[in-house]
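[1] model this:
(one chain, ligands or ions: 2)
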Amino acid sequence: MTDRQQRHQKAMQKLKSHVDDKVAAATEQRGQLLVFTGNGKGKTTAAWGTVTRALGYGYRVGVIQFIKGLWECGERERLIADPNLDVHIMATGFTWETQNRDSDTAACLEVWREAERLLADPEVYLVVLDEITYMLKFGYLDIETVRHAIANRPPEQSVIVTGRNAHRELLEMADTVTEMQETRHAFNAGLQARRGIDY
Ligand code: ATP
Ligand code: MG
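    Ligands and ions are numbered 1, 2, ... in the order given. I've put the predicted structure just below:
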């Protein structure tokens, strides 16, 4: 073995023992709260990726889409035929277009009732609250209501929250927080949102 090969093997052994230690230290099994936030692209796609993962094992999954109701969504089109997937979309769609506080609040509360039902159902393995951070920011939903529903969910159920500017309380509760960092986005160079890539 050359010096270089030996150095590599040593480094890999060290890495393996480090990973083994971490695996041995992780002993708890329960549902998790994950928050995908930040300004960079990838929050909603990561959530749908996890939905696909859970459906792949035959688990039941609920997705609530706040805000983007009227938008197309390729993942939803692909997965909706799965009887284990339950999707609820906020009725008024894109808030920045409607800008009617009363009807948006009513639509938000209506779809939130579906979220509460899913968050209370032990048969549901994963619940995605896509773009819910804006509902809290606009005051359509209050943080105490959301915190309570998430905190009291069945112990085996996981929840994914997506959206920019996640509420501090959600960040504190979360088991995993991923902040998507925008290094660059095509939109800022004048590129239009692209079907199958952006939605
Ligand atoms: P995606 O749905 O692609 O995973 P996202 O959920 O992280 O993106 P949102 O803030 O929900 O991002 O934005 C929704 C739409 O805006 C998507 O079409 C996405 O491609 C686009 N987008 C995401 N990040 C940015 C950005 N930094 N600048 C401009 N547009 C963005
Ligand atoms: Mg999104």
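
[2] and the residue of the chain at minimum distance from ligand 2, what helix or strand is that in?
    Closest residue of the chain to ligand 2, Cβ to the ion: residue 44 (3.2 Å). All C-beta spots, glycine's among them, are computed from the backbone N, C-alpha and C. Assigning secondary structure by DSSP states H and E places residue 44 in helix 43-56.

[3] check which element follows the lowest-mean-pLDDT helix or strand in the chain along the chain.
    Using mean pLDDT, DSSP states H and E, helix 95-98 stands out as the lowest-scoring helix or strand of the chain, at a mean of 59. Using DSSP H and E, the helix or strand that follows helix 95-98 in sequence is helix 101-119.

[4] give the other helices and strands that that next one contacts.
    The contact analysis (3 or more Cβ pairs under 8 Å, 6 or more residues apart in numbering; DSSP states H and E) places helix 101-119 against strand 60-65, strand 85-89, strand 124-130, helix 132-137, helix 143-151.

[5] most packed of the ones you listed?
    Sort these by mean neighbour count, taking mean count of other Cβ atoms under 10 Å, and strand 124-130 sits at the top with a mean of 25.

[6] next, the angle strand 85-89 makes with it.
    Counting by axes from the mean of the first three to the mean of the last three Cα atoms, to 10 degrees, strand 124-130 points 30 degrees away from the direction of strand 85-89.
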